[in-house]
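1. using only what follows, build the 3D model:
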Amino acid sequence: MELLSHVIDMFSKGGLVMWPLMLCSIIVVAIAVERGLYFRYAQTDVKGLQAMLGDQLKSGNWKKAREICEKSKGVPADMLVQALAQKFEDRLQLEQMIDGIATVSVADLRYHLEYLNTIVTLSPLLGLLGTVTGMIHSFSVLNIKGGQPMVITGGVGEALIATATGLCVAILALVTHSYFSHRVNAIISDMERVSNYVLSMIPRRLPNEAQ
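-> Below you'll find the model as predicted:
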């Protein structure tokens, strides 16, 4: 209870910019939770999937290959499900379809991450704005009260709370963005690996139209 009252007291001393900083921190936490749940099911066991797909791709059994991909969770597997569900007459056509699906999938993987990047830049600026406005207020009070040193030092100390809060929010956003960017890059690598494997396992020209 004492900790909560201390936090509330610090929040009130930080000035008006503490409200947008609180909003930024809520957004960061919300994105972290949402992306965490999303990436929990976005990874695919690429090596295992390749091992199961090999014979089906060589024999041209696209239906069975698609069923195997459906049972394998994750974005790379889902990409193959969508590609193999369409009709294609040669490897080039399949490659073009995979590229198109992959572009959409990558956009979904990076969903909301740009907001974190914005908050990384915005939060320190908001904190600095709080410090500047706090110091302006302190000097104004100093002029009114006729040069009392404790007035300005106390005001500056309170104003620095906004800067410290802004830096904390920025650090949180930066760490979250870096972590999920790493996850995105890992999944993109898996997508490239599995798509290259699929394309390498089928003939350049198919004997008849895929079903």
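
2. show me what counts as buried in the host helix or strand of Leu4.
-> Leu4 belongs to helix 2-13 when assigned by DSSP states H and E. Buried residues in helix 2-13, defined by neighbour count with 16 or more other Cβ atoms under 10 Å: Lys13. Glycine gets a C-beta too; all of them are placed from N, C-alpha and C.

3. can I get the CA coordinates of that helix in PDB?
-> The C-alpha trace of helix 2-13 is given here as PDB (Å, rounded to 0.1, in the frame of the first residue of the first chain):
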ATOM      1  CA  GLU A   2       2.900   2.300   0.800                       C
ATOM      2  CA  LEU A   3       4.500   1.600  -2.600                       C
ATOM      3  CA  LEU A   4       1.200   2.400  -4.400                       C
ATOM      4  CA  SER A   5       0.900   5.700  -2.600                       C
ATOM      5  CA  HIS A   6       4.600   6.500  -3.400                       C
ATOM      6  CA  VAL A   7       4.000   5.700  -7.100                       C
ATOM      7  CA  ILE A   8       0.800   7.900  -7.200                       C
ATOM      8  CA  ASP A   9       2.800  10.700  -5.500                       C
ATOM      9  CA  MET A  10       5.600  10.500  -8.000                       C
ATOM     10  CA  PHE A  11       3.100  10.400 -10.900                       C
ATOM     11  CA  SER A  12       1.400  13.600  -9.700                       C
ATOM     12  CA  LYS A  13       4.800  15.300  -9.400                       C
END
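
4. longest single helix anywhere in this protein?
-> helix 149-201 (DSSP state H).

5. ok and the helix holding Leu4 relative to helix 149-201, angle-wise?
-> Angle between the axes of helix 2-13 and helix 149-201 is 100 degrees (criterion: axes from the mean of the first three to the mean of the last three Cα atoms, to 10 degrees).
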